[in-house]
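[1] Take this sequence and fold it.
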Amino acid sequence: METIQTDWKSALKGYEDYLALERGLSENSILAYMRDIRQFAKLIETSEGLTNPALINITHVEGYLSYLFDNGLAKNSQARKLSGVRCFCKFLRIEGVMDINPIELIEGPRPERKLPDVLTVEEIERLISSIDMSRKEGVRNKAMLEVLYSCGLRVSELTSLKMSRVDLIDGLIRVVGKGNKERVIPIGNQACDAIDDYLSYYRAEITPSYGYEDFLFMGKKGVELTRQMVFTLIKRSAITAGIRKNVSPHTFRHSFATHLIEAGADLRAVQEMLGHAQITTTEIYTHLDKRYLEEQVTRYHPRALAQSEV
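    Okay, the predicted model is just below:
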């Protein structure tokens, strides 16, 4: 097949459009993909003088992996960046720019499955109870944490949640997650009550800015909250509650899933509520459950107890 002449600028612009229009990725995901592929492009253009992406070969990719390894990048990050190059080469093949995908013969580093920190039910209660309700925004902050734990939302899903997608009567919310896929999640009574209080005592007094009328959670200026504001709120609440674990908005999501699995919830149901495309992503919580069981055996089984006292 005759090599098609193209350049990095054109290829990267087409790739960005492909991620948005064909893959339907979120803005944050697109930024991450583009950041990784630009790093790859800059490296091989600088070191190899490669100006035509159609000529990417296995040597270029192996050199990139060696560069990442030599710079001490974690295996999970190496695997993610290789996945980005694989996606870019797939795009070039779809466009007829590349004849053979050089990634097909490369086996990347095996990602390390790191078990995330999980809060106990008691720690969740302590953290939510630590919210300063004497402050006007306390009712909003409590509602946000109740929703995070009740529904297992990503932080971006929380900040972009729309009022029109919250049904307090039937106890359901409709969430638009990764890939613009919508899912319906039951919401518990405590979270419903917290939202109701927030709507009555805080949201009703806010005048939304233009374009933000349907956003559920917002600040005094009438615009949506940022991800960083939610991170800061949770970090401060964890300190106030005396919780020493590494707590973030995602910790609530992990805790939501883990507590469901521990209580015997169906894995497919948890997958659906979390919005995972693959069941293998959800299966990490079965590992968390096994770890919990091992801890219980170590702590309470008479033989295990006897061994620990030796």
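[2] so Met218 bridges to which residues?
    As for beta bridges, Met218 partners with Glu224 under DSSP bridges.
[3] Now do the strands in the stretch 51-200 of the chain.
    Secondary structure of the stretch 51-200 of the chain by DSSP state E, counting those that start in this stretch: the strands cover 166-167, 172-176, 182-186.
[4] right, so of those, which gets closest to Pro53?
    strand 172-176 (32.8 Å; C-beta to C-beta). Any C-beta I mention is one placed from the backbone N, CA and C, and that applies to glycine too.
[5] Using neighbour counts, pick out the buried residues of that closest one.
    173, 175-176 (16 or more other C-beta atoms under 10 Å).
[6] Show me where this structure dips below the pLDDT cut-off.
    1-5, 105, 108, 110-116, 286-310 (pLDDT under 70).
[7] sorry, back to before: just so I know, which of the strands of the stretch 51-200 of the chain lies nearest Ile56?
    If we rank those by C-beta to C-beta, the stretch that ends up nearest is strand 172-176, at 34.6 Å.
[8] Pull the closest one out as PDB, backbone CA atoms only.
    What follows is strand 172-176, C-alpha atoms only, in PDB (Å, rounded to 0.1, in the frame of the first residue of the first chain):
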ATOM      1  CA  LEU A 172     -34.400   8.000  41.100                       C
ATOM      2  CA  ILE A 173     -31.800  10.100  39.300                       C
ATOM      3  CA  ARG A 174     -30.700  10.000  35.600                       C
ATOM      4  CA  VAL A 175     -27.000  10.500  35.200                       C
ATOM      5  CA  VAL A 176     -25.000  11.100  32.000                       C
END
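[9] partners of it in the sheet?
    strand 166-167 (antiparallel), strand 182-186 (antiparallel).
[10] Can you add distance to Lys136 and mean neighbour count and give these back as JSON lines?
    Formatted as JSON lines, the strands paired with strand 172-176 follow (distance: least, C-beta to C-beta, whole Å; neighbours: other C-beta atoms under 10 Å):
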{"stretch": "strand 166-167", "distance to Lys136": "21", "mean neighbour count": "16"}
{"stretch": "strand 182-186", "distance to Lys136": "28", "mean neighbour count": "14"}
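[11] do you know which of the ones you listed lies nearest Ser29?
    strand 182-186 (16.9 Å).
[12] what sits up against that closest one?
    Residues outside strand 182-186 that contact it (C-beta atoms under 8 Å, 6 or more residues apart in numbering): 151-153, 171-177, 272-273, 275.
[13] ok so, going back, so which of the strands paired with strand 172-176 gets nearest Glu122?
    In terms of C-beta to C-beta, the element of the strands paired with strand 172-176 nearest to Glu122 is strand 182-186, at 22.8 Å.
[14] Pull the distance from that closest one to the chain's centre.
    16 Å (C-alpha atoms, centre = their mean, to the nearest Å).
[15] next one: stretch 86-95
    The chain centroid and the centroid of stretch 86-95 are separated by 25 Å under C-alpha atoms, centre = their mean.
[16] Dump the buried residues of strand 172-176 into JSON lines; add distance to Asn71 as well.
    Converted to JSON lines, these look like this (distance: C-beta to C-beta, whole Å):
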{"residue": "Ile173", "distance to Asn71": "42"}
{"residue": "Val175", "distance to Asn71": "37"}
{"residue": "Val176", "distance to Asn71": "36"}
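[17] contacting residues for the nearest residue in space to Phe215 that is not next to it in sequence?
    Of all residues beyond its chain neighbours, the one nearest Phe215 is Glu224 (4.8 Å), with distances taken as C-beta to C-beta, 6 or more residues apart in numbering. If a contact means C-beta under 8 Å, 6+ apart, then Glu224 has 159-160, 212, 215, 217-218 as its contacts.
[18] repeat that with 6 Å
    Taking C-beta atoms under 6 Å, 6 or more residues apart in numbering, we find Glu224 in contact with 159, 215, 218.
[19] Looking at the contacts of strand 182-186, which is nearest Ile44?
    Proximity of the contacts of strand 182-186 to Ile44 (C-beta to C-beta) peaks at Gly177, which lies at 34.0 Å.
[20] and Gly146, how many neighbours?
    Just so we're on the same page, residue 146 is Glu rather than Gly. Look at Glu146: counted by other C-beta atoms under 10 Å, it has 25 neighbours.
[21] thought it was touching Ala194?
    Yes - if you go by C-beta atoms under 6 Å, Glu146 and Ala194 touch, sitting 4.2 Å apart.
[22] Cool, thanks, talk later.
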